[in-house]
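K.L.:
how would this look folded up:
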Amino acid sequence: MLKTTPLNKVHRELGARMVDFGGWDMPVQYSGVIDEHLAVRKAAGIFDVSHMGEIEVRGKGALDYIQELTTNDASKLVDGQVQYSAMCYENGGVVDDLTLYRFAEDRYLFCVNASNIEKDFAWMQGVLDKGEFPDVTLTNLSDSYAQLALQGPASDAILSRLTDADLEAIAYYRFAEGEVAGAKTIISRTGYTGEAGFELYFAPKDAEKIWGALMETGAPEGLLPIGLGARDTLRLEKKYALYGHELSSQITPLEGGIAWITKLDKPSFIGKEPLCRMKEGGLPGFRRR
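P.N.:
Residues are numbered from 1 along each chain as shown. This next block holds a predicted model:
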């Protein structure tokens, strides 16, 4: 049986075309991929991304553990900051790409791809089980969060009418905790479209309320619900990688176009050595003759 998000009924009432996406029953389109794509570019779009996974890391030594686990340099983060990163296997292939949220020096939250939640958690737990980080705890909180992405040039105007948070104070790849439509929400200035916008994390019980409030408030601005089809065209237009396509266990960060988040000058991280050899030798198909 397919998994469903808290908004499954809403999507069906809107007449969305539903598909199996990595084991989830998800909307691929509503009014049409082109209309939805252009709405995000010209006005705003709302995406149900509640299928994404959230994994919390807590405890003394959390940063050291994350540094070993991920390719980017998490030591650069401050509280309230987000970082795009990836996890690699020992051979340099990608376990997953992800966003990392720092709440405190001993508390972080990973947002991972929906189809990889169980695999990612098992991989992360396996690293912990080696015993090098005894004070670190790992918790899969995916069932505790629903998530919406509000994307497009009208996003700030729409969200500002529904929140007590100072949106101007939330810089790119920063986040704050506040309320949206009266519900406790993590408000993150991030996205997967190349447009200005936000990703909102909140309790599943609040999903329909927040979705409805955003749709009603955003209607005069041209806000539309957006499916997976336009999500894919938008990310392709911006040249954002997608796990299972540009990234996989057989495709390294260097080959998949995310070398910029692969800090080979870090003291160590899982997969570093083969990636260093690849950089020194040249990528396959691009070696000088």
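K.L.:
in the helix or strand harbouring C276, what's buried?
P.N.:
Here C276 sits within helix 272-281, counting by DSSP states H and E. Residues K272, P274, L275, M278 are the ones in helix 272-281 that count as buried (16 or more other Cβ atoms under 10 Å). Every residue, glycine included, has its C-beta placed from N, CA and C.
K.L.:
now swap in stretch 180-192 and tell me
P.N.:
Residues of stretch 180-192 classed as buried: V180, A181, A183, T185, I186, I187, S188, R189, T190, G191, Y192 (neighbour count, 16+ other Cβ under 10 Å).
K.L.:
who are the packing partners of the helix or strand in which the fourth one is found?
P.N.:
Think T185. Element membership for T185 (DSSP H and E) is strand 183-188. Contacts defined by 3 or more Cβ pairs under 8 Å, 6 or more residues apart in numbering; DSSP states H and E place strand 183-188 against strand 175-180, strand 197-202, helix 207-218.
K.L.:
out of the ones you listed, deepest packed?
P.N.:
Most buried of the helices and strands packed on strand 183-188, by mean neighbour count (mean count of other Cβ atoms under 10 Å): strand 197-202, with a mean of 25.
K.L.:
which stretches of the chain have low pLDDT?
P.N.:
Along the chain, the model assigns pLDDT under 70 to residues 284-289.
K.L.:
go again with 80.
P.N.:
By pLDDT under 80, the low-scoring segments of the chain are 283-289.
K.L.:
show me where it has its helices.
P.N.:
8-13, 33-42, 62-69, 117-128, 155-160, 207-218, 228-238, 272-281 (DSSP state H).
K.L.:
now the ones you listed in CSV, with distance to D106?
P.N.:
Below are the helices of the chain laid out as CSV (distance: least, Cβ to Cβ, whole Å):
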stretch, distance to D106
helix 8-13, 36
helix 33-42, 37
helix 62-69, 5
helix 117-128, 15
helix 155-160, 30
helix 207-218, 29
helix 228-238, 33
helix 272-281, 25
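K.L.:
just the CA atoms of the helix holding C276, as PDB, please.
P.N.:
This file holds the C-alpha atoms of helix 272-281, laid out as PDB (Å, rounded to 0.1, in the frame of the first residue of the first chain):
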ATOM      1  CA  LYS A 272      36.900  11.400   1.000                       C
ATOM      2  CA  GLU A 273      39.900   9.400  -0.100                       C
ATOM      3  CA  PRO A 274      38.400   8.000  -3.400                       C
ATOM      4  CA  LEU A 275      37.000  11.500  -4.100                       C
ATOM      5  CA  CYS A 276      40.500  13.000  -3.700                       C
ATOM      6  CA  ARG A 277      41.900  10.400  -6.100                       C
ATOM      7  CA  MET A 278      39.100  11.100  -8.600                       C
ATOM      8  CA  LYS A 279      39.800  14.800  -8.500                       C
ATOM      9  CA  GLU A 280      43.500  14.300  -8.900                       C
ATOM     10  CA  GLY A 281      43.100  11.800 -11.800                       C
END
